[in-house]
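# the following comprises the amino acid sequence and a computationally predicted model.
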Amino acid sequence: HCLIFLVILFSIVVNRVNSALFVVLLQSSKLLTSQAVVSTQSTGEVAENVRGRVEQFKRTMPLIQDLKNPALRPRHWVQLKAEVGKDFDQEGDDFTLERIIDLGLDQYSTSIGDISGAASKELSIEQAIKAISTTWESMELDISPYKDRGHHRLKAADELFQMLEDNQVSLATMKASRYVKAFENEVDQWERTLSRILEVIELILTVQRQWMYLENIFLGEDIRKQLPPRKRRV
């Protein structure tokens, strides 16, 4: 009866669960076989034991996915260990499924899931800040010679202004997020930096327009003739 039960159980679950779950069932089958020989338990009791272990592993699968989340940073592991009240090395070779169950982490699956979910949200902010940083590290101003007089001028800055606006909106969105706490200093710094860039570019364009306007006036012959000789050079 035990062998028949095993064959039927494996035929059902092999096509429905992942390989890790199959390993648990295989381990349970060893327990089942040994109990059939040396124990007086009924087939129903042994089957219930196996089913209980399988259900425990199924509940553990979401926990394993949360613990494998690449968004988890050292600060999240500190928070997680404080939550469960246990210390362990998540990078160690002994951090296995058996170790996870021994630590009782499955009892804190909800809290760990919340921490992992928050880590994913924070990762989005982290990546957005990195994208802004990368953008401005490679940003180049379009500056060209002006009238071959040894002067240069800043050409159209429409794309620059659009990028500034987009990044400022992104930073405002981050600042409104409940997950921004770990990045508040960086967000504030980038808000100040972009505001300063906008201020400087607008000032350059204003001075440039005024200079070009006045240049056209003072280069006119009528105005030049009225200037003292020592002031006729522009």
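Good, I have the coordinates. Numbering: from 1, shown residues only.

# so how far is Arg51 from Lys58?
10 Å (CB to CB, to the nearest Å). To be clear about C-beta, it is placed using only N, CA and C from the backbone, and glycine gets the same treatment.

# what does Tyr179 give?
Tyr179 sits 39 Å away from Arg51, going by CB to CB.

# of those two, who's got more company?
The neighbour comparison of Tyr179 against Arg51 (other CB atoms under 10 Å) goes to Tyr179, with 17 against 12.

# how far is the biggest helix by length in the chain from where the chain is centred?
If you go by DSSP state H, the chain has its longest helix at helix 184-218. Using CA atoms, centre = their mean, to the nearest Å, the distance from the centre of helix 184-218 to the centre of the chain it belongs to is 32 Å.

# mind listing what's buried in that helix?
If you call a residue buried by 16 or more other CB atoms under 10 Å, then helix 184-218 has these buried ones: 186-187, 190-191, 194, 197, 201.

# who's in contact with the residue most central in space within the chain?
For the chain, the residue lying nearest the average C-alpha position, counting by CA atoms, centre = their mean, turns out to be Leu123 (1.7 Å). Leu123 is in contact with 70-71, counting by CB atoms under 8 Å, 6 or more residues apart in numbering.

# would you agree Gly104 is in contact with Phe88?
No: shown here, Gly104 and Phe88 do not form a contact pair, counting by CB atoms under 8 Å, at 11.1 Å.

# please say which of the two ends up with more neighbours.
Phe88 (17 against 11).

# was I right about that one contacting Lys81?
Yes: using CB under 8 Å, Phe88 is in contact with Lys81, at 7.1 Å.

# neighbours around Glu126, how many?
Close neighbours of Glu126, defined as other CB under 10 Å, add up to 18.

# tell me the first helix or strand C-terminal of the host helix or strand of it.
Taking DSSP states H and E as the criterion, Glu126 maps to helix 109-137. Next helix or strand after helix 109-137 toward the C-terminus (DSSP H and E): strand 143-146.

# which other helices and strands contact that next one?
Under the contact definition 3 or more CB pairs under 8 Å, 6 or more residues apart in numbering; DSSP states H and E, strand 143-146 sits against strand 151-154.

# picking up where we left off before, and of the buried residues of helix 184-218, the nearest to Gln168?
Closest approach to Gln168 among the buried residues of helix 184-218 (CB to CB): Leu194, at 5.6 Å.

# quick one: contacts for that closest one?
Leu194 makes contact with 164, 167-168, 171, according to CB under 8 Å, 6+ apart.

# highest neighbour count among those?
Neighbour-wise, those (other CB under 10 Å) top out at Leu171, 23 neighbours.

# so where's this protein shaky on pLDDT?
1-43, 56, 220-234 (pLDDT under 70).

# cutoff 50 now
The chain contains residues with pLDDT under 50 at 1-26, 28-39, 234.

# so Trp190 sits against Ile129, correct?
Yes: using CB under 8 Å, Trp190 is in contact with Ile129, at 6.8 Å.

# check the gap between the residue nearest to Ala156 when sequence neighbours are not counted and Glu215 for me.
Of all residues not flanking Ala156 in the chain, Asp142 sits nearest, at 6.9 Å (CB to CB, 6 or more residues apart in numbering). According to CB to CB, Asp142 and Glu215 sit 20 Å apart.

# same question for Phe57.
When distance is defined by CB to CB, Phe57 is 80 Å away from Glu215.

# residues near the residue nearest to Ala156, how many?
Asp142 - counted by other CB under 10 Å - has 11 other residues nearby.
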